[in-house]
Each structure stands twice: as C-alpha cells, then as structure tokens.
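# Kindly generate the corresponding structure for this input.
(chains A and B)
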Amino acid sequence: MTSKLGLAIIIVISLFFGFFVSPLGEKSFSWVPPFRLGLDLLGGAHLEYQGDLTQLAEGQSAGDAMEGVRDVIERRVNLFGVSEPVVQIEGSDRLIVELAGITDIQQAIDLIGLTPFLEFKELSDETASASFISTGLTGKNLKRSEVTFDSTTGRPQIALTLDDEGTKLFAEITKRNIGKPVAIFLDEQPISIPTVQTEIPDGKAVITGMFTPQQAKELANRLNAGALPVPIEKISQQTVGASLGAESLNKSLSAGLYALFLVALFMIAFYRLPGLAAVLALLSYSAIVLTIYKLFPVTLSLSGIAGFILSLGIAVDANVLIFSRMREEIKAGRTLPQAVNEGFRRAWYSIRDSHVTTILGAVVLYMFTTSIVKGFALTLGIGVVVSLFSSIVVTRAFMNRTTGPWFASKSWLF
Amino acid sequence: MLLTIVALVATVVIWRKTHGEFLGIDFRGGSLLEVSFESGRPNEIIREKKIAEERRQEILKDLETQYGPVRQERFDDIGPTVGAQLKSKSIKAVVILLIVIVIYLAIVFRSMARVLSPWAMGIAAIAALLHDVIIPIGVFSILGAYYGVEISAVFVAAILTILGYSVSDTVVVFDRIRENVVRFGGKESFPELVHKSILQTLTRSINTSVTTLLALVAIFLFGGESVKYFALALIIGIVSGTYSSIFIASPIVVWWHGFRKKGI
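Residues are numbered from 1 along each chain as shown, chains lettered A, B, ... in the order given. Modelled structure (predicted):
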C-alpha cells in the first residue's frame, strides 16, 4: 500500500511541477514566475569594463573605488528601465554590466560610457525664476568625499576635498553667494542644496543635512563615484539582437523536444515496460529540475540549457544501468521482484560514482570559471543532484508497481 | 589510438601554423559583427581584429547601400585580456577537475588495493579522458582553421561535458571490475575479470551512448547555429568516450596490474 501512496504523491507533485513550468501555468496564474533567460536567448548586451587602479588617490582603496564605479553605473543603468539589469564587480578590477532585452544597445553603451557628471551650481542673478546655472566647478575638481561627523551635534555629514583649481573656483563661488544656496547636481539631478555661510578658501566643503549615517555614506560613495574614482575602459562587449536570441530559443526548444521524443522512443523500444517507467521518471525529472531553475532562479542561457541536456543524458544513463542489471538478474533466473531489487542495488555503485564525479566536476567549474562555463556548471550540478534522486526514488516507485504476478506472467514486457 | 595521434598531430600542426588563430574571438579577443538583410539574403558575419564604433557604422552603411536595409544581429568586441583570461581560467579549472577526479577514484577503488594500486584507476581514467578531449579539439581545430567555424566559449563547455561523460563511462566499467574482483578475485585472473567486466557493461555502454547520441543528433539537426557545433563536439566526444573506456582505460589497468606483478 505504501508504495502505491508514494507513487501517487510523486505523480501529483510531478503534474503540479509540470504545470508550473509549462507556458500554460504562466498564462493561468500571475504568481507563476517566468524563466529567467540569458542574454543570448533574450537579446541584449553584455559589457565588461576594466577600472584603472594604477592611479588611486591617497587613502583610497581599490575595493572602494570599484564599488564607487559600480554604484554610479548601476544608477545610470537604472535610468534605462531595463528589467533586472546586472551590474557586478568581478575580480579586483572588472565590472560586468548585463542589459537584457535592450533595443538600442548602442545608446545604452554610450550612456554607460559617459563620465558621470557632478556639478556645483548657483542661482541665476538675472531671472526671477530661481533657476540654477553652472559655475564651472564640476566633479573633475573633486579629489574625494568622505563621511565625517559634526563635532557639536554629532550628526553625520559629507566632507568634500577639492583639488587646487577647484579650491580657487570654490572660493570665488562661495564668496559671491554668501547667504544664498549653492546646489550640488549629480547627473543633472540636485542631490543637495546647502546655503553658503562664509567664503571657503581651503577647498573643503561640507554637505550637511538630516542624514542618517547610512544615507551619508551612500552620498559620499555617490560623490566619489560621480567624480569617477578611477577611469574605466570598456574591454569587451557582446550584443545579441532580440530576433537572433528568439530564434536560438525556438530552435533550442524544438531541438530539445525532438531529443526527448527520440530518447523516449528508444527507451521504450529497447526496454519496453521499464523503458516506459524510465520515460515517466524522466518527465517527472524534467518537471522537478525546471521548477528549481524557475524558483532559484537560474539564468538559462544556451550553455545552461546544454548543462540541462547533459544532466538529462546522465539521468537516462542511470535508468539504463538499472535496467541492464535487471535483465541480467532475470537471465540468471531470479524472480521479477528479486531482479528489480538486485538491479537497483547493484547499479547503485555505478550510479553513485558517475553522479558524484559529475557533481564534483560541476562544483569545480562553478568555483573556478566565469560566465558561460559557470552557467553550464550550475544547471548541470542541479540536474545531476536531482537525477540521483529521480533514478533511485522515482524510477523505483514506478518499477515497484510492476512486480506483481500479472506482470510476471508477461515476460515480453521486460 | 591512431585517431588520437592524427587528432593530436592536426591540433599541434594547426596551432603552430596559425598561432592559435583558429580559436574564436572569445579566446583571442577581436570583433565580430553579424547582420541580417531584409531582402532575405543569408546573414553576413564580419570578423576583424578590432571593429571600432566608426568602423562598425561604416560597415553597416556599406552593406546597406549594397544590399538594402540591414539589421545588426550580433556585435561582439572582446579585449585580448578577457580572451586570455577565459583561456587561463578554463585550463586551471580543468586541471583542478582532473586532480579531484583522480583523488575521488582512488578513494572509491581503495577496496581493490589488494590487486591494484588505487591510483591506477584514476590515472587510467585520465588517460582515456585525454584521448576523448584531444579528438574533438583536433577536429575543431581543422573546422576552425579551414571552414571558418567559430570556436567560442561554448566550446569550453562542450569539452567539459565530454570530460564528465568520459569519466562516468570509464567509472561504470571500473565499478564492474571492482565488483567482479571482490566476488571472483581468487578464482580468475585479473585480465580475465577485466574482459568479463567489459562484456557485462557493453550493452549498457552502447545503450547509453545511443540514447545520448540520439538526443545530440536532434540538437545538431534542429538546434541553432551555436548549439549545433556544441552538439557536434559532444557527438565526437561521446563516441570516443565509449571507445576509450574499453580500449584505453581498461588495457592500461591490466597493463599496470601486470607490471606490478613483475615488480613483486
């Protein structure tokens, strides 16, 4: 009875997962998330920048500099309204930007490549509309910014240090604007509009305000970023047009379906009833793996799909191992239930060893490589772990239902 | 064996002749521009050492005046450092992987220490695996050098897949050898046991290869451009993987065993 119940549970869960990953599930319920597709399937741009860390300012760490670069580029990327843009630091001096589904890739690249713009502005004298005009003092004159704390109130504030030219300019600006506001603009957006108290001759400005320490730190970072802590250079770019991506996706999907069909046909033709059990186990396996990819979520690129297909192959292999062994046992004169048991028991070592070596491989690849190979290793690793489960639990649950006397009398099924 | 040598020679010769230029831009750095035409002309792929922004627009404009409206489908511009890094990282990962596999196999097959050094299995598996990797690399060096096939980073994934596949294939045979050694160790000679194990696993080896090959042939025929060559590399690797478990890994184990016996 228990094996019947176990099988029922497996079937119900598999059907649910199958529904969850099918296009139907996405259409029917809004809470079913879509797959996260890689740039090569969706179309988009993969950009890699290198920060020049050879000329760091005094007291500036490489890590901070790269974080500054990342922050400013992240902000710029967010302006495009791309869904889930990726902006991440890789290694010590690389920055990776991934923009999925961007139509005008060149524009995006241009925008990212622009030097972020920090500017001090003052109120225009002529107009009554109180608009700010440029003063000529910009981020290129900023040496660095950092969070300090007001000695009397203890409030966090941001200290700016200007270079020589900036110091001179700033002294003039503050002199002519005493009692009036001077605005600090970042990318044409005012981020702070302090009122000048006195002329400042030493090139040190302080932005006060009702900051929390967190906000102050962020602003200081952004200012450092606005001043571009280090120059960056685009060292690699890969763009795929949306139509080419869609074509790859469709072709891969139909190839996958053909592949599945051929494998199923072969398995059933060669192993008959166990083959059918294996095909059902494989369908359940695919549903589980795809559900994990969806929930994680794992980004599915072409190489990721390749990883999935390989794991599918390994899952088939596990079943083949079991059935080959079963047949041997039947030939050796064992009864059907014994043969099923022995088949699973003896095949276990081979299944374990081939799965463990593959899992080890996936882990090593995931740890030591980047992008394409990493995506491959991730889908492969997940796939193989599930395959271990599927061949031992799911195939077994199906096979245990076939050991009754009814089946035993029909030896052509095996 | 002969094939391995041919593939190895081909790889080395082509490498020397082209200085690794049969590799795609993912490894060497460089630019690749693919455009499609509204007129239905087949896609054009332009590869150059470096396609700067002005040059890119110039190419698009030239093509447009010649063949009507075009659309840029793909534009890759990869710096030489990025390519070199991909190469060095991949090699590093593979070397670590090989070491991990040898250690794992030594642990798994330690129960055979009575008959055979546990390292023999690992070393034999690696020998088979090198064979399986060299053949597709040889074939693709020819395709890359003479037929303009782009050997991209996906090829690394293919080689790694073959690696994994080859090891499991060899491990299955070895597992059977171990089982037979434990069961009939005293009664039959080691070479006989190995022979028996190979025969016993032959059906499985062929069936697994056939199923995997069926899937791969489907991908090769119906998949897009980039997956196509991935599938081809795997087809070559898997055929050679099945062959090598039987004709390379197992003979090495037997040879090692014989060598050890003489030593004692």
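# contacts, neighbours, all on C-alpha from now
Will do.
# ok, how many other residues are close to residue A:202?
15 (other Cα atoms under 10 Å in any protein chain shown).
# all strands of the stretch 151-300 of chain A, in order?
Per DSSP state E, counting those that start in this stretch, the stretch 151-300 of chain A carries strands over the ranges A:156-162, A:182-186, A:189-192, A:204-207, A:232-240, A:299-300.
# and the closest residue to chain B within the stretch 51-200 of chain A, how far is that from residue B:74?
For the stretch 51-200 of chain A, the residue closest to chain B is residue A:106, as judged by Cα to the nearest Cα, at 9.2 Å. Distance from residue A:106 to residue B:74, counting by Cα to Cα, to the nearest Å: 12 Å.
# Work out which residue lies at the spatial centre of the chain.
Picking chain A for this. residue A:299 (6.0 Å; Cα atoms, centre = their mean).
# That was the other one, I meant chain B.
residue B:159 (2.9 Å).
# now that one, what's its secondary structure?
helix (DSSP: H, G, I helix; E, B strand; the rest coil).
# Enumerate every residue touching it.
B:133, B:136, B:233-234, B:237 (Cα atoms under 8 Å, 6 or more residues apart in numbering or on different chains).
# Also residue B:109?
B:118, B:121, B:178.
# Surely the second one and residue B:251 touch.
Okay, so that is residue B:121. No - assessed by Cα atoms under 8 Å, residue B:121 is found out of contact with residue B:251, at 11.0 Å.
# Looking at the two, which one has more neighbours?
Neighbours were tallied for residue B:121 and for residue B:251 using other Cα under 10 Å; the higher tally belongs to residue B:121 (26 against 17).
# For that one, grab phi and psi.
Here is the backbone geometry of residue B:121 (degrees, to the nearest 10): phi -60, psi -50.
# tell me the contacts of it?
B:102, B:105-106, B:109, B:174, B:253.
# Do a quick rundown of the strands in the stretch 1-150 of chain B.
So, for the stretch 1-150 of chain B - with DSSP E, counting those that start in this stretch - the strands run B:30-37, B:44-48, B:70-78.
# Nearest to chain A, out of those strands?
Closest among the strands of the stretch 1-150 of chain B, using Cα to the nearest Cα: strand B:70-78, at 4.0 Å.
# what about that closest one, near chain A?
Yes - residues of strand B:70-78 contacting chain A under Cα under 8 Å from any Cα of the partner chain: B:72-78.
# Just the mean pLDDT for that strand, thanks.
The average pLDDT within strand B:70-78 is 81.
# Tell me how chain A divides into domains.
Per automatic domain parsing, the domain ranges recorded for chain A read A:118-226, A:241-413.
# Which one of these lies nearest to residue A:102?
domain A:241-413 (8.2 Å; Cα to Cα).
# Looking at the contacts of residue B:159, spot the one nearest residue A:288.
residue B:234 (25.1 Å).
# right, and the closest one touches residue B:158 too?
Yes - at 6.2 Å, residue B:234 counts as touching residue B:158 under the criterion of Cα under 8 Å.
# who's more crowded, these two?
The neighbour count for residue B:234 versus residue B:158, taken as other Cα under 10 Å, is higher for residue B:234 (31 against 28).
# Can you list the buried residues in stretch A:252-269?
Across stretch A:252-269, burial judged by 16 or more other Cα atoms under 10 Å in any protein chain shown covers A:252-268.
# Same check on stretch B:182-191?
Quick answer for stretch B:182-191 (16+ other Cα under 10 Å): B:185, B:190-191.
# And stretch A:316-333, by the same measure?
Residues A:316-327, A:329-330 are the ones in stretch A:316-333 that count as buried (16+ other Cα under 10 Å).
# Which of the residues you listed fall within strands?
Per DSSP state E, strands hold no members of the buried residues of stretch A:316-333.
# Where in chain A is the helix or strand with the lowest mean pLDDT?
helix A:405-408 (a mean of 64; mean pLDDT, DSSP states H and E).
# before we move on, back to that, quick check: the residue of the stretch 51-200 of chain A closest to chain B vs residue A:242, distance?
As defined by Cα to Cα, residue A:106 lies at a distance of 14 Å from residue A:242.
# ok so, going back, and the least confident of the contacts of residue B:109?
residue B:118 (75).
# Tell me if I'm right that it and residue B:107 touch.
Yes - look at residue B:118 against residue B:107 with Cα under 8 Å: they come within range, at 7.4 Å.
# higher neighbour count, these two?
Neighbours per residue (other Cα under 10 Å) separate residue B:118 from residue B:107, with residue B:118 holding more: 20 against 13.
# Hmm, residue B:245 is touching residue B:169, no?
Yes - the pair residue B:245 / residue B:169 is scored as a contact, 6.5 Å apart, by Cα under 8 Å.
# number of nearby residues for the closest residue to chain B within the stretch 301-414 of chain A?
Going by Cα to the nearest Cα, chain B is nearest to residue A:354 of the stretch 301-414 of chain A, at 4.3 Å. Number of residues near residue A:354 (other Cα under 10 Å) recorded here: 26.
# check contacts around the closest residue to residue B:76 other than its chain neighbours.
Excluding its sequence neighbours, the residue lying closest to residue B:76 (Cα to Cα, 6 or more residues apart in numbering or on different chains) is residue A:238, at 4.0 Å. Residue A:238 sits next to A:45-47, B:74-78 when contact means Cα under 8 Å, 6+ apart.
# still on that earlier bit, let's have the strands of the stretch 151-300 of chain A in JSON lines, adding mean pLDDT.
Listed next are these as JSON lines, based on pLDDT from 0 to 100:
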{"stretch": "strand A:156-162", "mean pLDDT": "83"}
{"stretch": "strand A:182-186", "mean pLDDT": "77"}
{"stretch": "strand A:189-192", "mean pLDDT": "72"}
{"stretch": "strand A:204-207", "mean pLDDT": "77"}
{"stretch": "strand A:232-240", "mean pLDDT": "81"}
{"stretch": "strand A:299-300", "mean pLDDT": "82"}
